[in-house]
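1. Fold the following and give me the result.
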Amino acid sequence: MTDPSKFSYLKPSDILRDSQLLDETFYNEQKHIVKRMAEIEAYFDQNNMYIRKAKIVDIDNLLELSIRAYSACKTRDLVNAYDLYQSITYSYGLALCTRDNPEKTIGCFFNYAFHANGDKVCNLKRLAVDPDYQHYGLGRYIFEYNQLFAWKKYRSRIQTGLIEYTNFGSLYLMLNKMGGVVDFITDDMTPHFLAYSFVIPLNIDNWKQMEIAQDRLLDFLKGLKESRDYIVFQYNDEKIAREVANNRQFKIAAALQGGKYAEHNSLVAFSNELLNVELK
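-> Numbers count the residues shown, from 1 in each chain. Here you go, the predicted model:
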């Protein structure tokens, strides 16, 4: 396993969305954070929602939300009231609510911020969106708002977390919308669940590479040599998932949605060379 704080990477610019043209505020971290948080808050407001810090009185609603959102996952019951209490009391959690019913939480993000060996790390405990509100992009905005909040409040520089290997929706969000890569797979937790551990740097360089355009990704792959430069595999093939995630010459860095872009929902691993991986 590689310490997620000990390497950096840059995704190929050819696979990134053109809309990531940046104004001058982007090159100042603090200005970008303030501006982007305001934009996300405005988006929620336009949709009759608002985001706030979670409170102890939210715990029952949050547990119900978590169970509903993860009903098909083995990790459904791994977050309990104690975990939420810890995050709320000693770190933070974010709750997305509707203005019509402020007591109802329709989304959440729970992190635990800590400093290890001088590294400022925040670790994801739970990201959830009510099934009735999924497929509107809310998970992406909650996730991004959390990254900005973690940097602003705790000066966190690294976001880590676990995603069950069969949860393609969350993998797609992390890889194609948040700029993350897979660091390793939890072979040692197989009796309970099998999950990818991901890492996302919280800095300007990563905010430039957050969004992948799948059509551009496909065009980029055409000019590469499979097995040498990249590996594509069906996301829920456990054997290949283990092999690729444990191959330290590659990192899973993108996803392709089945139907339009691939025969099946698939993951793409790039060679360390293509990702400009640098050990620190």
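2. where's the one residue sitting closest to the centre of the chain relative to Gly107, distance?
-> By C-alpha atoms, centre = their mean, the chain has its centre lying nearest to Met174, at 3.1 Å. For Met174, the distance to Gly107 (C-beta to C-beta, to the nearest Å) stands at 16 Å. Yep, even glycine has a C-beta here, placed from its N, CA and C like the rest.
3. what about stretch 249-268, distance to the chain center?
-> In terms of C-alpha atoms, centre = their mean, to the nearest Å, the centre of stretch 249-268 is found 16 Å from the chain centre.
4. What residues sit buried inside that stretch?
-> Buried residues in stretch 249-268, counted by 16 or more other C-beta atoms under 10 Å: 250-256, 262, 265-268.
5. dump the residue contacts of the residue of the chain most remote from its centre.
-> For the chain, the residue at maximal distance from the C-alpha centroid (C-alpha atoms, centre = their mean) is Asp100, at 28.6 Å. Counting by C-beta atoms under 8 Å, 6 or more residues apart in numbering, Asp100 makes contact with Asn48.
6. Wait, a strand at it?
-> No - membership of Asp100 in a strand is not supported by DSSP: H, G, I helix; E, B strand; the rest coil, which gives coil.
7. Show me where the stretch 101-250 of the chain has its helices.
-> Along the stretch 101-250 of the chain, counting by DSSP state H, counting those that start in this stretch, helices occupy 138-154, 168-172, 204-207, 214-222, 238-245.
8. tell me what the helix or strand following the last one is packed against?
-> I take that to be helix 238-245. The helix or strand immediately downstream of helix 238-245 is strand 250-256, counting by DSSP states H and E. The elements that strand 250-256 packs onto, with contact taken as 3 or more C-beta pairs under 8 Å, 6 or more residues apart in numbering; DSSP states H and E, are helix 168-172, strand 181-185, helix 214-222, strand 230-234, helix 238-245, strand 266-271.
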